[in-house]
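Novice: sequence? don't have it. structure:
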Ligand code: 9MR
């Protein structure tokens, strides 16, 4: 089937539904504490999410808000997944149907559900040629550029602190071997629209990872080469980009490329995370299962491949249901493809989570090292991931508890000369420069044994990297 035609022919599925009684403020607090438990220790090895967490990855799915009243759907969602992507509810047409008037009701249902159930959220998508509201389709030039900037600012600010990664720009390159940008009203506002989108998103939510997301970029070809060149250019000029999403919509006309892993790896080598963002593979039985297994193994083999999202739960939930491309059949039963994914995730036991720049340099312990990252005794460890751009940075800190778990923790590090912190989330800093101690906030002091929580901070100057001193009580 022609994926491009099929994609364009669909209509948004966000249907108005009454809001549930979920209280997002309360759920927001509960979520962070719950995440620690669910992501790292629940039912290890028997669900997609738990098995992926053992490998330091997430396993996610696209979710449609109107299906959250379907008990079978929600049962599988809550059991198997620890990341969700709103399938349509955060798109421009859904969130700003009238210029300047924002509606987040459907998207909020998904975010609240995720928070209440220990799942994180991939935001999708801030700037895209498709699924624009009519008023935006009719704009051009400066008016459209300003509308795009305002849209990104409003949506990313509204969800600030709740999004793991944003698909900031979606599908901006053309098919057909030219390596050119896709012609669109956004492209016609000027070639710099993509970097403006990324800078705008960073300013609005400095804690979210910012991704470029596309399809037919899963192997090396003219289109992925063009995306590669853009990412390389962004990194060299300090345009904030943290990740590249590979949609990975496969069928017999567009199979899993033989160089899939190599392609993920070459992007990772540019200093960005890579994520499989919309995986589905048409087919059935062993062939489909084998292909799913290959995709999972490719991600696990690339240390900066941080997670996999499938584009729906049951075959009947898929945007191309007739191709039965997902892991559960229409009745919610596990397919051979499910087993292949779980087996691939569980192969080889637990391994440390992927590291970003630079790898942790902990002192070798005197006892044999554990096979998982947490320290073997009491206490905690803290590892830093740095996103540096010209003049500024965001540092993410992962605090991993030892065998005793923690009731409270603190992390101390020294900022490079000239650096200062402008914004911290999920921790309380003692100062803004020099040696700074970050203490837990009230909802994330307790970390279950062997699991972790994360906090982060943004600053100006050069950010810290490596490891930091962690103490627990
Ligand atoms: O799955 C989505 C479907 O419900 C919508 O009708 C369609 C409209 O454009 O978008 C689908 O999701 C797309 C995603 O947002 C971007 N990559 C391609 C996906 C499949 O078309």
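Specialist: That came in fine, so what should we check first? Note that this is a predicted model, so its numbers are computed, not measured.

Novice: Going by C-alpha atoms from here, please, whenever you check contacts or count neighbours.
Specialist: Fine.

Novice: Look up the closest residue to the spatially most central residue of the chain, ignoring the ones flanking it.
Specialist: In the chain, the residue lying closest to the centroid (CA atoms, centre = their mean) is residue 165, at 4.0 Å. Leaving aside its sequence neighbours, residue 165 sits nearest to residue 209 (CA to CA, 6 or more residues apart in numbering; 4.3 Å).

Novice: Could you pull up the residues touching residue 124?
Specialist: By CA atoms under 8 Å, 6 or more residues apart in numbering, residue 124 lies in contact with 85, 86, 87, 88, 90, 91, 166, 167, 168.

Novice: Same check on residue 417?
Specialist: Neighbouring residues of residue 417 by CA under 8 Å, 6+ apart: residue 434.

Novice: do that again at 10 Å, thanks
Specialist: Contacts for residue 417 (CA atoms under 10 Å, 6 or more residues apart in numbering) come out as 433, 434, 461, 462, 463.

Novice: hang on, the earlier thing: the residue nearest to the centre of the chain touches residue 207, doesn't it?
Specialist: Yes. Between residue 165 and residue 207 a contact is recorded at 8.7 Å, counting by CA atoms under 10 Å.

Novice: Could you confirm residue 393 falls within a strand?
Specialist: Yes. Under DSSP: H, G, I helix; E, B strand; the rest coil, residue 393 sits within a strand.

Novice: Please report the distance of it from the ligand.
Specialist: 29 Å (CA to the nearest ligand atom, to the nearest Å).

Novice: just checking, that residue touches residue 461?
Specialist: Yes. Assessed by CA under 10 Å, residue 393 is found in contact with residue 461 at 7.1 Å.

Novice: more neighbours, the two?
Specialist: residue 393 (23 against 19; other CA atoms under 10 Å).

Novice: What's opposite the more buried one in the beta bridge?
Specialist: residue 388, residue 459 (DSSP bridges).

Novice: follow-up on the earlier one: could you flag which of the contacts of residue 417 are buried?
Specialist: Buried members of those, scored by 16 or more other CA atoms under 10 Å, are 433, 461, 462, 463.

Novice: now the residues you listed in TSV, with distance to the ligand?
Specialist: Putting these into TSV (distance: CA to the nearest ligand atom, whole Å) gives the following:
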residue	distance to the ligand
433	41
461	36
462	35
463	34
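
Novice: out of those, which are inside strands?
Specialist: Members of the buried ones among the contacts of residue 417 lying in strands (criterion: DSSP state E): none.

Novice: residues near residue 322, how many?
Specialist: Residues near residue 322, counting by other CA under 10 Å, number 11.

Novice: And what about it, helix, strand or coil?
Specialist: Here residue 322 is helix, with the state taken from three-state DSSP.

Novice: How about the contacts made by it?
Specialist: Residue 322 neighbours (CA under 10 Å, 6+ apart): 282, 283, 315, 316.

Novice: what would the residues you listed look like in a markdown table with distance to the ligand, pLDDT and secondary structure?
Specialist: Shown next, in a markdown table, are these (distance: CA to the nearest ligand atom, whole Å; pLDDT from 0 to 100; DSSP: H, G, I helix; E, B strand; the rest coil):
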| residue | distance to the ligand | pLDDT | secondary structure |
| --- | --- | --- | --- |
| 282 | 13 | 98 | coil |
| 283 | 17 | 98 | coil |
| 315 | 12 | 98 | helix |
| 316 | 12 | 98 | helix |
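
Novice: Dump the residues you listed to CSV, plus neighbour count and distance to residue 226.
Specialist: Output for the contacts of residue 322, formatted as CSV (neighbours: other CA atoms under 10 Å; distance: CA to CA, whole Å):
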residue, neighbour count, distance to residue 226
282, 22, 27
283, 19, 30
315, 24, 33
316, 19, 35
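
Novice: Just flag the most distant two among these.
Specialist: The two members of these with the most space between them (CA to CA) are 283 and 316, at 13.6 Å.

Novice: Which neighbours do the two have in common?
Specialist: With CA under 10 Å, 6+ apart as the test, residue 283 and residue 316 both reach 322, 323, 324, 325, 326.

Novice: Identify the residue nearest the second one in space, chain neighbours excluded?
Specialist: It refers to residue 323. Per CA to CA, 6+ apart, closest to residue 323 is residue 282, 4.8 Å.

Novice: pretty sure the one you found contacts residue 290?
Specialist: No. Counting by CA under 10 Å, residue 290 is not a contact partner of residue 282; they are 12.0 Å apart.

Novice: and for residue 393 and residue 461, which residues touch both?
Specialist: Both residue 393 and residue 461 are in contact with 419, 420, 421, where contact means CA under 10 Å, 6+ apart.

Novice: Distance-wise, check residue 189 relative to the ligand.
Specialist: Computed as CA to the nearest ligand atom, the residue 189 to the ligand distance reads 22 Å.

Novice: What is the burial count for the closest residue to that residue other than its chain neighbours?
Specialist: In space, and not counting its chain neighbours, residue 189 is closest to residue 141: 4.8 Å by CA to CA, 6+ apart. Residues near residue 141, counting by other CA under 10 Å, number 13.

Novice: separation between residue 141 and residue 173?
Specialist: As judged by CA to CA, to the nearest Å, residue 141 and residue 173 stand 19 Å apart.

Novice: what does residue 380 give?
Specialist: Using CA to CA, residue 380 is found at 44 Å from residue 173.

Novice: how about CSV for the contacts of residue 417, with pLDDT and distance to residue 187 added?
Specialist: Below are the contacts of residue 417 laid out as CSV (pLDDT from 0 to 100; distance: CA to CA, whole Å):
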residue, pLDDT, distance to residue 187
433, 95, 41
434, 95, 43
461, 90, 32
462, 92, 33
463, 93, 33
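
Novice: low pLDDT regions in the stretch 301-450 of the chain?
Specialist: Across the stretch 301-450 of the chain, residues meeting the criterion (pLDDT under 70) sit at 350-377, 388-390, 425-426, 443.

Novice: in it, what residue is nearest the ligand?
Specialist: Nearest residue of the stretch 301-450 of the chain to the ligand, counting by CA to the nearest ligand atom: residue 319, 4.7 Å away.

Novice: Just give the number of residues close to that residue.
Specialist: 19.

Novice: My guess is it contacts residue 281. True?
Specialist: No. The criterion here is CA under 10 Å, and residue 319 misses it with residue 281 at 11.9 Å.

Novice: Please enumerate the shared neighbours of these two.
Specialist: 311, 325.
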